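*Asks:* structure of the sequence below:
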Amino acid sequence: MAIQVVKRDGKTEPFQRQKIVNACAAVGAPADVAASIADEVEKSARDQMPTSEIKSMVLDRLGKIKQDWVNNWAQYEQTKGK
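*Replies:* This next block holds a predicted model:
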């Protein structure tokens, strides 16, 4: 059974690695870095993990590589309507 994540509204959905890749790429990370971050997060993910925790993990990894990508995240979220 696939790992389920808990969204902000309380709904659950399957963990989707590609969403992390897309988000990382949208803030400026090259494809190989985005894939690497998604791989790390996927290995650490657990069933019923809140998406806010996944977001924190992604931002932490982005920031360790290039702080500008973390700064770009706020702009990215605005375009996504979050």
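*Asks:* contacts for stretch 62-72?
*Replies:* Residues outside stretch 62-72 that contact it (Cβ atoms under 8 Å, 6 or more residues apart in numbering) are 24, 26-29, 33, 37, 59, 73. No exception for glycine: its C-beta is placed from N, CA and C like everyone else's.
*Asks:* got those as TSV, with secondary structure and pLDDT columns?
*Replies:* TSV is the format used below for the contacts of stretch 62-72 (DSSP: H, G, I helix; E, B strand; the rest coil; pLDDT from 0 to 100):
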residue	secondary structure	pLDDT
24	helix	96
26	helix	93
27	coil	95
28	coil	96
29	coil	97
33	helix	98
37	helix	98
59	helix	97
73	helix	90
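*Asks:* out of those residues, which comes closest to residue 79?
*Replies:* Of all those, residue 79 sits closest to residue 26, with 8.2 Å by Cβ to Cβ.
*Asks:* the closest one: how many residues sit nearby?
*Replies:* As a burial measure, residue 26 scores 17 neighbours (other Cβ atoms under 10 Å).
*Asks:* quick one: the nearest residue to it once chain neighbours are set aside from residue 8, how far?
*Replies:* Nearest residue to residue 26 in three dimensions, chain neighbours excluded: residue 76, at 5.0 Å (Cβ to Cβ, 6 or more residues apart in numbering). If you measure residue 76 against residue 8 using Cβ to Cβ, to the nearest Å, the figure is 16 Å.
*Asks:* neighbour-wise, which of these two wins?
*Replies:* Ranked by neighbour count (other Cβ under 10 Å), residue 76 and residue 8 place residue 76 first, with 17 against 10.
*Asks:* that one contacts residue 27, correct?
*Replies:* Yes. If you go by Cβ atoms under 8 Å, residue 76 and residue 27 touch, sitting 5.2 Å apart.
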